[in-house]
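1. Just the structure for this:
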Amino acid sequence: MTFTAEQDALRDSVRKLLDREADPWPELCEQIGVAALAVPERFGGLGAGTAELQVVAEELGRVLADVPFLGSAVLAVHAVLATGDDEACERLLPRLAEGAIGAVAWTDAEGRWDAPACRVADSAVTGEAHYVLHGDEAEILLVVADGSLYEVTGARPLRTPAMDETRRLARVTFDRDPARLLGPVDLGALRDVACAVLAAEQAGAAARAFELTVEYSKQRHQFGRPIGGFQALKHRMADLHVLVETARSAAYAAPESSRLAAVAKVHCSEALAAVAGEMIQLHGGIAITWEHPAHRYFKRAHGAAQLFGSPGDHLGRVRPPIS
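-> So this is what the prediction gives:
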């Protein structure tokens, strides 16, 4: 993979900011403009591509940052753009570019991303959407229903307790709430973009989990020597390194096609789960203490794997049907 000087500078700026800020979203928007990356310049954004979104997501994944980047700067922005409605773009995208939090209500209680959970009749939406990224704090709430995107006011969001406390999710209930039609939306294309950016986030988390594990293997001693010096552990570390690097390659290839987006979702989900599991195994007892970050990477691995469809769902998109 080859990155441009601008992409390297973006990565460096995001990493430095995340190192010093406990609540980084305001500064990420004001100082770096991450919320404006995908917004075209004519709507007040930076007009960047998916690769730039992935660079930011990879850095956010490294520290498991709980910010509305994926749900707002990626999913909400691309959903509005996909409608092709100039009025909606002119009204909503400048706000999203400045850091207003947008959320897309899409999924049903079973976690299915291929069948929207809500219905619209007489300009009113009814239903219950689950696993809405930052839905409980959204300033702009968008709903996918009947193949189209709607802007909705008056809904009742409730934060959903989740295993992964570093990912803010909500359940949003609609009871004939006013719905403003923005336009038709290609759910497959929208999910492909989301999967590509999520894959980069997963690759970043896997890379950092691997780094922390390598560091610990050099510090922990058994039988008078660092455990990282034992051949059996070296082999396991080598396997993890391969997983991390192939996950990163798969993630950055994802924007090229829908099939590669599915491949990235499958491989990056499995890679992060494997690395996080080995992180706990190789750290030993300290890894299951609340203060150690290992359990957070493990939880992020299993939570992220279910977003935008499980690895099994996407595997079905990759492999040909058996006749």
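2. where are the low-confidence patches of the chain?
-> Residues of the chain meeting the criterion pLDDT under 70: 221, 224, 227-230, 320-323.
3. and the longest helix for it?
-> When secondary structure is assigned using DSSP state H, the longest helix within the chain turns out to be helix 187-219.
4. Check which helices and strands that helix is in contact with.
-> Helices and strands touching helix 187-219, by 3 or more Cβ pairs under 8 Å, 6 or more residues apart in numbering; DSSP states H and E, are helix 50-63, helix 77-83, strand 225-226, helix 231-253, helix 258-283, helix 294-304. Using the backbone N, CA and C atoms, a C-beta is placed for each residue, glycine as well.
5. list the helices and strands the second one packs on?
-> Identification of packing neighbours for helix 77-83 by 3+ Cβ pairs under 8 Å, 6+ apart yields helix 86-98, strand 102-105, strand 140-145, strand 148-152, strand 169-184, helix 187-219.
6. Distance from the chain centre to the very next helix or strand once past the fourth one, please.
-> Spelled out, that is strand 148-152. Tracing the chain past strand 148-152, the next element assigned as helix or strand by DSSP states H and E is strand 156-159. From the chain centre to the centre of strand 156-159 is a distance of 20 Å (Cα atoms, centre = their mean, to the nearest Å).
7. Report the buried residues of strand 156-159.
-> Of all the residues in strand 156-159, those buried under the rule 16 or more other Cβ atoms under 10 Å are P157.
8. and it, what other elements does it pack with?
-> Counting contacts by 3+ Cβ pairs under 8 Å, 6+ apart, strand 156-159 packs against strand 169-184.
9. The strand it packs on vs helix 86-98, what angle?
-> Using axes from the mean of the first three to the mean of the last three Cα atoms, to 10 degrees, one finds that strand 169-184 and helix 86-98 are set 150 degrees apart in direction.
10. Pairing partners for strand 169-184, with directions?
-> The partner list of strand 169-184 in its sheet, established with DSSP bridges, is strand 124-133 (antiparallel), strand 148-152 (antiparallel), strand 156-159 (antiparallel).
11. which outside residues touch the shortest one?
-> Contact partners of strand 156-159, identified using Cβ atoms under 8 Å, 6 or more residues apart in numbering, comprise 132, 135-136, 138, 141, 168-175.
12. Out of the strands paired with strand 169-184, flag the one nearest P40.
-> Of all these, strand 148-152 sits nearest to P40, with 17.2 Å by Cβ to Cβ.
13. Name the residues that touch that closest one?
-> Identification of contacts with strand 148-152 by Cβ under 8 Å, 6+ apart yields 79-80, 82-83, 88, 92, 105, 120, 125, 140-144, 174, 177-185.
14. what angle sits between it and helix 187-219?
-> Using the same axes, to 10 degrees, the interaxial angle of strand 148-152 with respect to helix 187-219 works out to 70 degrees.
15. Between strand 140-145 and strand 148-152, find me the angle.
-> Angle, strand 148-152 to strand 140-145, by the same axes, to 10 degrees: 140 degrees.
16. May I see the buried residues of strand 148-152?
-> Of the residues in strand 148-152, those scored as buried under the neighbour-count criterion (16+ other Cβ under 10 Å) are 148-152.
17. again with stretch 183-202
-> 183, 185, 187, 190-202.
18. Could you do stretch 111-124 as well?
-> 113, 116-118, 120, 124.
19. Same list (those residues) but as TSV, adding distance to P226 and secondary structure.
-> Listed next are the buried residues of stretch 111-124 as TSV, based on distance: Cβ to Cβ, whole Å; DSSP: H, G, I helix; E, B strand; the rest coil:
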residue	distance to P226	secondary structure
W113	44	coil
P116	53	coil
A117	51	coil
C118	55	strand
V120	61	strand
A124	64	strand
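20. ok, those vs R220, which is closest?
-> When the buried residues of stretch 111-124 are compared against R220 (criterion: Cβ to Cβ), the nearest one is W113, at 41.1 Å.
21. For the closest one, give me its contacts.
-> The neighbourhood of W113, defined by Cβ under 8 Å, 6+ apart, consists of 106-107, 187, 191, 308-309, 313.
22. and which of those is nearest to S13?
-> Where the contacts of W113 are concerned, and distances follow Cβ to Cβ, S13 has its nearest neighbour in F308, at 27.3 Å.
23. Can you give me the distance of that closest one to V266?
-> F308 sits 12 Å away from V266 when distances are taken as Cβ to Cβ, to the nearest Å.
24. Could you do A232 as well?
-> On the measure of Cβ to Cβ, A232 and V266 end up 28 Å apart.
25. Neighbour count: those two, which is higher?
-> Under the neighbour definition other Cβ atoms under 10 Å, A232 and V266 were set side by side, and V266 has more, 25 against 8.
26. number of nearby residues for the closest residue to that one other than its chain neighbours?
-> Leaving aside its chain neighbours, V266 sits nearest to P311 (4.6 Å; criterion: Cβ to Cβ, 6 or more residues apart in numbering). Other residues lying near P311 total 17 when counted by other Cβ under 10 Å.
27. Enumerate every residue touching P311.
-> Taking Cβ under 8 Å, 6+ apart, we find P311 in contact with 265-266, 269-270, 305.
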